[in-house]
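Engineer: Structure for the following, please:
(one chain, ligands or ions: 2)
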Amino acid sequence: MDSKGGKIMDATAPIGFIDSGVGGLTVVREALRQLPHENVLFLGDQARLPYGPRPAAQVRAFTWQMVNYLRTQHIKALVIACNTATAAAWHDIQSRLDIPVIGVIVPGARAAVKVSTGGNIGVVATEGTVASGAYDDAIHQQNPALTVSSLAAPKFVSLVESNEYRSALAKQVVATTLAPLAAKHPDTVVMGCTHYPLLRPFIQAALGDDVTLIDPGRETVVELGTVLDYLGLANHADHDGSRHFYTTASPAMFKDIASDWLGLDHLDVHHVDIEHEPDHFVAVAELGASIPQSAATGHEQTVVVASKNPGKVREFVDFFGPRGINVRSLADFDDLPTVDETGTTFLENARLKARGYSEALGLPVIADDSGLMIDALDGAPGVLSARYAGDHNDAANNAKMLANLAGVPTAKRTAHFHTTLVWVDPARPDDDVEVDGEVDGRITVMPAGDNGFGYDPFFYIPEQGKTMAEMSPAEKNRYSHRGNALRALAALMDADPVRFGLPKQAQQPTTQPTTEPQVNEDLEEE
Ligand SMILES: O=P(O)(O)OP(=O)(O)OP(=O)(O)OC[C@H]1O[C@@H](n2cnc3c(O)ncnc32)[C@H](O)[C@@H]1O
Ligand SMILES: [Mg+2]
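Structural biologist: Numbering: from 1, shown residues only. Ligands and ions are numbered 1, 2, ... in the order given. Down below sits the predicted model:
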């Protein structure tokens, strides 16, 4: 079946469920009840539990590591069975994967709106979920007239994870914690953390029998079933599906709670280490899936983009895909050592990355080293652009840039973005291809635009009257440093396709450079 993105998907492939701990098992239990024929993979990140008090950026990074681990198991759909992770990462993940990605918040909010009779809805959740305002937003999106009272209940997760959820202590903690919410007399309360349904009897007792409790996990599985049916991805096997469980902590404790809660013996539970998984989206398997392969030539050439920056990787996929070149990124390979950028120039760093990864992989590799040079700062941050304030922390880098430019008038905020690309093919030693690209602009005082990455919201191109973050990807590519460098590369590819492992007569799309490409293929030292 041809689902979203044109990728052929297998209905017998497993569904992945992720959670910070065992709480997500409440969603799995629903899945086993509602969708018994589905194969299930569950991953709980108990080693780094709880997620609730962590900053959203860290939750997002951890969630990506879980996602990237499960993607290696070829899941056909993903359920983020954790409210905190859904609040922090669902948007990002669902926009980047070409399988259905379902979070627990929207289904939970929808159910609450549906059943609420008095229009007074309570939400109990972790600090992170409450702080995100995700339930308020989702409920108000359905009906702005409803009243929503949210309460953080940080102690509930540990009660469940320590297997104390039936104890007298749990009963007392639940009653005390929920008292302020009970005083507001909600008619419907969302149990906004997948751990909480294990405490359901105590929660119900604390709030009173008249209150309708919503278990978002249950609603999520209803939605999952609908989506699978709609996409033709439901598993119609005539027997129960397989169930495999992974935890980042000890399988023993996990097994106790899981067997008890799921009512299953002999659970298959394994420890996994996901800390070395990429903590953001860099693999291009899915991105590449919607890109026409080399239909014109029937020729297969693969290049690995030696970048850990997902924004960059996307721009390379957009360039190489239509040229019929398969793109991979570092995330597509296990156990790759990291090549450090110890050089003092863009060229040195791009060479280090291209050669280092090409040697490790035995494949053609393209590396990019880029940076922003601001005239009023004597060319800073330059080669240190990624590490200007914090290590690859875009927000901190931008904040430092603005602080250093405080008081500098508009006319003096001129800047240049630079990219050096190096293509290394192990089949052609000593024949590296090196090209540059630049673009001139100005650093704004206020950010503008949501596209792009890094410094884009502040990099204003006067001729276009907008920042690079206000441009669509295609538009940015028309003017950007990387776009110009790629056009220089395209000119070389068209002139000598064999040098790039491409067939001679290949009909490559030719893109007109908007500025003169600067080719420095013969440049050996800077
Ligand atoms: O080394 P890799 O893994 O490729 O990724 P990186 O992000 O570390 O990339 P660089 O070493 O080239 O550092 C470039 C810095 O400049 C930023 N940058 C690069 N290209 C950009 C672009 O097109 N728009 C905005 N910022 C960009 C980027 O976010 C980094 O902070
Ligand atoms: Mg770098």
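Engineer: pLDDT weak spots in the stretch 251-400 of the chain?
Structural biologist: Applying pLDDT under 70 to the stretch 251-400 of the chain flags the ranges 281-299, 390.
Engineer: Enumerate the residues of it near ligand 2.
Structural biologist: Counting by Cβ under 5 Å from the ion, the residues of the stretch 251-400 of the chain close to ligand 2 are 341, 386. Placement of C-beta: from N, CA and C, glycine included.
Engineer: Now the closest residue to ligand 2 within the stretch 251-400 of the chain. Its backbone dihedrals?
Structural biologist: Nearest residue of the stretch 251-400 of the chain to ligand 2 (Cβ to the ion) works out as residue 386 at 4.5 Å. Main-chain torsions, residue 386, degrees, to the nearest 10: phi -70, psi -30.
Engineer: Next one, pLDDT for residue 512 please.
Structural biologist: Among the per-residue scores, residue 512 holds a pLDDT of 43.
Engineer: hang on, the earlier thing: the residue of the stretch 251-400 of the chain closest to ligand 2 - nearest residue in space that isn't next to it in sequence?
Structural biologist: In this structure, residue 386 finds its nearest non-sequential neighbour in residue 392, 5.4 Å apart by Cβ to Cβ, 6 or more residues apart in numbering.
Engineer: my read: that neighbour touches residue 341, true?
Structural biologist: No. Counting by Cβ atoms under 8 Å, residue 392 stays clear of residue 341, with 11.1 Å between them.
Engineer: Compare the two and say which is more crowded by neighbours.
Structural biologist: Using other Cβ atoms under 10 Å as the criterion, residue 392 and residue 341 rank with residue 341 on top: 18 against 14.
Engineer: Quick one: classify the more buried one as helix, strand or coil.
Structural biologist: Residue 341 falls in the coil class when you classify it by DSSP: H, G, I helix; E, B strand; the rest coil.
Engineer: Tell me the spacing between the closest residue to ligand 2 within the stretch 101-250 of the chain and residue 266.
Structural biologist: Distances between the stretch 101-250 of the chain and ligand 2 by Cβ to the ion are smallest at residue 248, namely 27.4 Å. Distance of residue 248 to residue 266, computed by Cβ to Cβ, to the nearest Å: 22 Å.
Engineer: Those two - which one has more neighbours?
Structural biologist: A direct count of neighbours by other Cβ under 10 Å for residue 248 and residue 266 places residue 248 higher, at 23 against 7.
Engineer: Not counting sequence-adjacent ones, nearest residue to the more buried one?
Structural biologist: That would be residue 47: by Cβ to Cβ, 6+ apart, it lies 3.9 Å from residue 248.
Engineer: hang on, the earlier thing: overlap of the contact sets of residue 392 and residue 341?
Structural biologist: Common contacts of residue 392 and residue 341 (Cβ atoms under 8 Å, 6 or more residues apart in numbering): residue 386.
Engineer: Residue 382 touches residue 373, doesn't it?
Structural biologist: Yes. Using Cβ under 8 Å, residue 382 makes contact with residue 373 at a distance of 5.4 Å.
Engineer: residue ranges for the strands of the stretch 101-250 of the chain, please.
Structural biologist: Along the stretch 101-250 of the chain, counting by DSSP state E, counting those that start in this stretch, strands occupy 101-103, 120-125, 147-152, 188-192, 212-214, 243-247.
Engineer: Tell me the strands beside the third one, with direction?
Structural biologist: Paired with strand 147-152 in the same sheet, following DSSP bridges, are strand 120-125 (parallel).
Engineer: avg pLDDT for the strand it pairs with?
Structural biologist: 98.
Engineer: Convert that strand to CSV, retaining C-alpha atoms only.
Structural biologist: Taking Å, rounded to 0.1, in the frame of the first residue of the first chain, the C-alpha atoms of strand 120-125 are listed here in CSV:
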residue,chain,number,x,y,z
ASN,A,120,-15.2,22.5,33.6
ILE,A,121,-12.2,20.3,32.8
GLY,A,122,-9.3,19.4,35.0
VAL,A,123,-5.9,18.2,33.9
VAL,A,124,-3.4,16.4,36.1
ALA,A,125,0.0,16.0,34.6
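Engineer: I'd like the distance from that strand to the chain centre, please.
Structural biologist: How far strand 120-125 lies from its chain's middle: 28 Å, per Cα atoms, centre = their mean, to the nearest Å.
Engineer: Identify each buried residue in it, please.
Structural biologist: Buried positions in strand 120-125, judged by neighbour count with 16 or more other Cβ atoms under 10 Å: 120-125.
Engineer: likewise stretch 130-150?
Structural biologist: Using 16+ other Cβ under 10 Å as the test for burial, stretch 130-150 gives 130-132, 134-136, 138-139, 146, 148-150.
Engineer: Contacts for that stretch next, please.
Structural biologist: By Cβ under 8 Å, 6+ apart, the list of residues contacting stretch 130-150 from outside reads 56, 83, 86-88, 105-106, 108-110, 112-113, 116, 119-125, 129, 151-152, 181, 184, 186, 190, 192.
Engineer: quick one: pLDDT of residue 526?
Structural biologist: Residue 526 carries a pLDDT score of 32 in this model.
Engineer: ah, wrong one, I meant residue 71
Structural biologist: Reported pLDDT at residue 71 in the predicted model: 85.
Engineer: now the one 5 residues further on
Structural biologist: pLDDT for residue 76: 94.
Engineer: how close does it get to ligand 2?
Structural biologist: Note on residue 76: its distance to ligand 2, by Cβ to the ion, to the nearest Å, is 34 Å.
Engineer: quick thing: my sequence starts at 38, can you match it?
Structural biologist: Happy to do that; since the first residue is 38 now, the last one works out to residue 113.
Engineer: burial of the closest residue to residue 274 other than its chain neighbours, as a residue count?
Structural biologist: Leaving aside its sequence neighbours, residue 274 sits nearest to residue 74 (Cβ to Cβ, 6+ apart; 4.7 Å). Summarising burial for residue 74: neighbours were counted as other Cβ under 10 Å, giving 14.
Engineer: Then residue 139?
Structural biologist: For residue 139, the count of nearby residues is 24 (other Cβ under 10 Å).
Engineer: Same check on residue 72?
Structural biologist: Neighbour count of residue 72, defined by other Cβ under 10 Å: 18.
Engineer: what about the stretch 88-237 of the chain, any weak spots by pLDDT?
Structural biologist: Applying pLDDT under 70 to the stretch 88-237 of the chain flags no residue at all.
Engineer: Quick check: phi and psi at the residue of it found nearest ligand 2.
Structural biologist: Residue nearest to ligand 2 within the stretch 88-237 of the chain: residue 98 (16.9 Å; Cβ to the ion). Dihedral angles of residue 98 (phi, psi; degrees, to the nearest 10) stand at phi -60, psi -50.
Engineer: Next, the closest residue to it other than its chain neighbours: phi, psi?
Structural biologist: Residue nearest to residue 98 in three dimensions, not counting chain neighbours: residue 316, with 3.8 Å by Cβ to Cβ, 6+ apart. The phi/psi pair for residue 316 (degrees, to the nearest 10) reads phi -100, psi 20.
Engineer: wait, residue 316 sits on residue 94?
Structural biologist: No. Using Cβ under 8 Å, residue 316 is not in contact with residue 94, being 9.9 Å away.
Engineer: the more surrounded of these two?
Structural biologist: Per other Cβ under 10 Å, whichever of residue 316 and residue 94 has more neighbours is residue 316, with 20 against 13.
Engineer: any idea how far that one lies from ligand 1?
Structural biologist: To ligand 1, residue 316 is 13 Å away according to Cβ to the nearest ligand atom, to the nearest Å.
Engineer: Same question for residue 217.
Structural biologist: Per Cβ to the nearest ligand atom, residue 217 is found 43 Å from ligand 1.
Engineer: likewise residue 114?
Structural biologist: Residue 114 is 30 Å from ligand 1, by Cβ to the nearest ligand atom.
Engineer: how close does residue 305 sit to residue 106?
Structural biologist: Applying Cβ to Cβ, the value for residue 305 to residue 106 is 16 Å.
Engineer: neighbour count winner among those two?
Structural biologist: Under the criterion of other Cβ under 10 Å, the comparison of residue 305 against residue 106 puts residue 106 first, with 22 against 12.
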